[in-house]
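Asker: Turn this into a model:
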Amino acid sequence: NLVFAVEEGPRVYIERIEIRGNTRTRDWVIRREFDLAEGDAYNRVLIDRAERRLRNLGYFKDVKITNEPGTAPDRVILVVTVEDQPTGEFSVSGGYSTTDGFIGEVSVSEKNFLGRGQYVRLAGQLGENVEGADFNFTEPYFLDYRVAAGFDLFWKNTNETSYSPYETSTAGGTLRVSLPLTDELTLGLRYTLSTKEISVSPTDEYYNHISWAILEVNNDPALTSLVGYTLSYNMLDNNLEPTSGYLLELKQDFAGLGGDVNYIRSTFDSRLYLPVYGDAVLMLRGQAGNIASWGGEDLRILDNFFKGPDLVRGFEPNGIGPRDLASGIDGSDPDALGGTLYWGTTAELQFPLSFLPKELGLKMAVFADAGSLWDYQGDTTFTNIAGWQDNLTDCSTIQGSKTQGLNNVCVADSDMVRSSVGVSLIWKSPFGPLRFDYAWALTKEDYDQTQAFRFSGGTRF
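Answerer: You can find the predicted model right below:
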């Protein structure tokens, strides 16, 4: 027989919290990570939670919380010993992707600004097809509550490429607040005011072949004023390299608080990571989105979803979804119009190359993607855009067009499932993370644009 005898012992109280070793970080930055204070009952669970929080801040090389006897038997002193580490970073990043070409970034950031725990970052980008700058500031304890608040300022200019026949310029700012409802559930609120403009030069040799749906908004900047929220539930074991757990994220944006556009945009993204065998990890992903105008306003082509390898690998950027078959040269490479509905699924198995040393950081992956983008809601007939003469096309003679009769825009729009399978090589190299994808498109529409190989990578030093 086994008998348990449980006797109530004396309750122990925290006499004081003593912080040692911090040469830069303010004492109150450390104290606010505790859910208890002097005079509270000793609680090991809350102390362990505070130690995890302090380690996750990234401000310290080491964190250790120990106990020392107090002035009475029922009193204890919590000793928090930390060692500050550099938290500022000057970085020069370089990389290449099949979408943006060669790109470089110079940034200066500090995640423990003046020892106050604030995050500040200033960055500039210059690349083959893109240039821009952004500034970010975050206060992790706004008004002494566990609420992160901050703002972003951004500007970006994207040049005309083979995937997009126009130049895009975007500038604006965002105010944001992040509320941790629980340790796993976070609610983020934001307000964004931005302007976006596309431009096509009349001297461009492809000018007369660009879709009228694009020319309608050419050199016509639109001001967007929106509020939105993000609700995320994070149960991943590691945010950088997860091996188990799941992440659910719901985003909604409501545009129309002033500005020139009115729409409601909703997106959902979910990821599940499962350890399979040894170091092999299976990742399952599902995503979906919808955008719709309101208030009797038309949805601008700039606000549509444009999808490619981020939805189904094996396709070009903007390679999936509705297209204007009346555009392009001799019927080839018709312009993407974007869609209002999309969904996608992914199954990917990642595993290390066992015949190579683990220190090399090489992994292989096999994947299967499926998804679709459809439901163009814009106009198909335009009259005298900025003085241009009508250029009507008999869409009934163009195979695949869902419009009939004479139109400026002959829309090819299908919810057919696009799918692909492929292999990937992932290398955590001395030059930064590199990824090579090779995909075979299994199902597609005739007007979709495919791209078998995709590469991206960069470094920071």
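
Asker: buried set for stretch 71-91?
Answerer: For stretch 71-91, a neighbour-count test (16 or more other Cβ atoms under 10 Å) marks V76, I77, L78, V79, V80, V82, D84, T87 as buried. Backbone N, C-alpha and C define where each C-beta goes, glycine included.

Asker: helices or strands next to the longest helix seen in the chain in the packing?
Answerer: Criterion DSSP state H: the longest helix present in the chain is helix 44-57. With contacts taken as 3 or more Cβ pairs under 8 Å, 6 or more residues apart in numbering; DSSP states H and E, helix 44-57 sits against strand 60-69, strand 75-84.

Asker: One more pass at 6 Å, please.
Answerer: Here helix 44-57 touches strand 60-69, going by 3 or more Cβ pairs under 6 Å, 6 or more residues apart in numbering; DSSP states H and E.

Asker: Parallel or antiparallel, which strands does the strand it packs on pair with?
Answerer: The strands beside strand 60-69 in its sheet (DSSP bridges) come out as strand 75-84 (antiparallel).

Asker: so who does D448 touch?
Answerer: Shown in contact with D448 (Cβ atoms under 6 Å, 6 or more residues apart in numbering): G319, I320.

Asker: repeat that with 8 Å
Answerer: F315, G319, I320, R418, A441 (Cβ atoms under 8 Å, 6 or more residues apart in numbering).

Asker: Name the SS class of it, please.
Answerer: coil (DSSP: H, G, I helix; E, B strand; the rest coil).

Asker: From D415, how far out is it?
Answerer: 13 Å (Cβ to Cβ, to the nearest Å).

Asker: now swap in Y273 and tell me
Answerer: Taking Cβ to Cβ, one finds Y273 at 29 Å from D415.

Asker: neighbour-wise, which of those two wins?
Answerer: A side-by-side neighbour count of Y273 and D415, using other Cβ atoms under 10 Å, places Y273 first with 21 against 13.

Asker: Look at R418 and say how many residues are nearby.
Answerer: Neighbour tally, R418, other Cβ under 10 Å: 26.

Asker: so what's the backbone phi/psi at it?
Answerer: phi -90, psi 140 (degrees, to the nearest 10).

Asker: Show me the beta-bridge partners of it.
Answerer: Under the criterion used (DSSP bridges), R418 bridges to G371.

Asker: between the contacts of D448, which is nearest G361?
Answerer: F315 (28.4 Å; Cβ to Cβ).

Asker: Pull up the gap between the closest one and R116, please.
Answerer: 46 Å.

Asker: And these two? Which one has more around it.
Answerer: More neighbours surround F315 than the other of F315 and R116, with 27 against 13 (other Cβ under 10 Å).

Asker: Parallel or antiparallel, which strands does the strand or helix carrying T345 pair with?
Answerer: Here T345 sits within strand 341-352, counting by DSSP states H and E. Applying DSSP bridges, strand 341-352 is found paired with strand 281-293 (antiparallel), strand 362-374 (antiparallel).

Asker: Show me how far it is from its chain's centre.
Answerer: Distance of strand 341-352 from the chain centroid (Cα atoms, centre = their mean, to the nearest Å) equals 16 Å.

Asker: which residue ranges form the helices in the protein?
Answerer: For the chain, the helices defined by DSSP H cover 27-31, 44-57, 212-215.

Asker: Next, count neighbours for the closest residue to A50 other than its chain neighbours.
Answerer: Excluding the flanking residues, the one nearest A50 by Cβ to Cβ, 6 or more residues apart in numbering is F34, at 4.5 Å. For F34, the neighbour count with other Cβ under 10 Å is 20.

Asker: Now for the closest residue to K156 other than its chain neighbours, how many residues are close by?
Answerer: For K156, ignoring the flanking residues on the chain, the nearest one in space by Cβ to Cβ, 6+ apart is G132 at 3.6 Å. Using other Cβ under 10 Å, G132 has 18 neighbouring residues.
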